[in-house]
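Student: Here's a sequence, model it:
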Amino acid sequence: MSSSDVVTVIVAAMGILGTLSGTGLAQRGEAKRAVGAQRDALEKEKREAVREDYQKVLRFVADTRIFVVELRRRLHELEAWSAHAHSDAREEEDLEARAQMLRRRCIDELPDIQALVGMSAPDDVVTVFDEIARIWPDVVTATTVSVHFKVGGKRFPDGIATALGRLDQLLALLGQARELLRAEMLPTPQIE
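Tutor: Just a heads-up that it's a prediction; the model follows:
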C-alpha cells in the first residue's frame, strides 16, 4: 500500500466521520426542535384550557352582574312603587324570589367558579372571588330584610339603603373580576 493509498483511506475515513458527526448533530438538532415543538403544543393547549375556563368565569360574572343590576333597580324602585299601589306584596314576593335565586346561584355555581379561578388565575383574581364568596350572604340577607322589614306599615329606609350598598359592593367586585380576567385573557406581546 502506497502513501497515496494511505492518504486516500485517511481522507475517506475523515469524510465518513464528518458525515456521521453531521448526521448526529442534525438528529440532535431535530430532536431539540421536536421537544420544543412538543413543549409549544403543550403550552398552547394549556393556554386554550385556561382561556376556556376564563370564558366560563366571565359568563358567570356577566350573568350574575346582569341579575344583580336588575335586582338593585327593582329594590331601588320598591318604595316609590309601594307608594302608588294598594299592596306591594307581589313586588316583595318577586324581590324575595330574586334574592333566593341569587342565593341559589352562589351556592350552586360559585364554588365551581372559585375552583376554576384558583387553578389558573393570579392571586388578585382569586382574592376578588374570595371576597365575592364572603359578601354574597350579606347581600341576600340585606335584600330580604329590606323587603320585609316594616315599621307601622312603612319600610325602613336605612334597610333599603343598606341593601343597595351591599348590591353596589357586589357589583363593584363583579366589575373588578371582569376587568382582571379580561386583562389576563389578552395576549402578552412577545419580545424577541
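Student: show me the biggest helix of this structure in terms of residues.
Tutor: Determined from DSSP state H, the single longest helix within the chain is helix 3-84.
Student: Following element in sequence after that helix, please.
Tutor: helix 89-108 (DSSP states H and E).
Student: now could you export just the CA positions of whichever helix or strand comes after that next one as CSV?
Tutor: Elements were assigned by DSSP H and E; along the chain past helix 89-108, the next helix or strand is helix 110-120. Below are the C-alpha coordinates for helix 110-120, written out as CSV (Å, rounded to 0.1, in the frame of the first residue of the first chain):
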residue,chain,number,x,y,z
LEU,A,110,-69.7,30.0,42.8
PRO,A,111,-67.7,27.1,44.3
ASP,A,112,-67.0,25.7,40.8
ILE,A,113,-66.1,29.2,39.6
GLN,A,114,-63.7,29.6,42.5
ALA,A,115,-62.2,26.3,41.7
LEU,A,116,-61.6,27.3,38.1
VAL,A,117,-60.1,30.7,39.2
GLY,A,118,-58.0,29.0,41.8
MET,A,119,-56.4,26.7,39.3
SER,A,120,-55.1,29.2,36.8
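Student: Helix 110-120 - what's its average pLDDT?
Tutor: Across helix 110-120, the average pLDDT comes to 90.
Student: the inter-axis angle of it versus helix 89-108?
Tutor: With axes from the mean of the first three to the mean of the last three C-alpha atoms, to 10 degrees defining the directions, helix 110-120 sits at 40 degrees from helix 89-108.
Student: what packs against helix 110-120?
Tutor: helix 3-84, helix 123-148 (3 or more C-beta pairs under 8 Å, 6 or more residues apart in numbering; DSSP states H and E). Where you see a C-beta, it was placed from the backbone N, CA and C, and this is true even at glycine.
Student: contacting residues for Q100?
Tutor: Counting by C-beta atoms under 8 Å, 6 or more residues apart in numbering, Q100 touches V140.
Student: most packed of the helices and strands packed on helix 110-120?
Tutor: helix 123-148 (a mean of 18; mean count of other C-beta atoms under 10 Å).
Student: and that helix, average pLDDT?
Tutor: 90.
Student: chain center to the longest helix of the chain, what's the gap?
Tutor: Helix 3-84 has its C-alpha centroid displaced from the chain centroid by 18 Å (C-alpha atoms, centre = their mean, to the nearest Å).
Student: Packing partners of that helix?
Tutor: Judged by 3+ C-beta pairs under 8 Å, 6+ apart, the packing partners of helix 3-84 are helix 89-108, helix 110-120, helix 123-148, strand 154-155, helix 157-185.
Student: how about the helices and strands packed on helix 110-120 in a markdown table, adding distance to I113?
Tutor: Output for these, formatted as a markdown table (distance: least, C-beta to C-beta, whole Å):
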| stretch | distance to I113 |
| --- | --- |
| helix 3-84 | 5 |
| helix 123-148 | 7 |
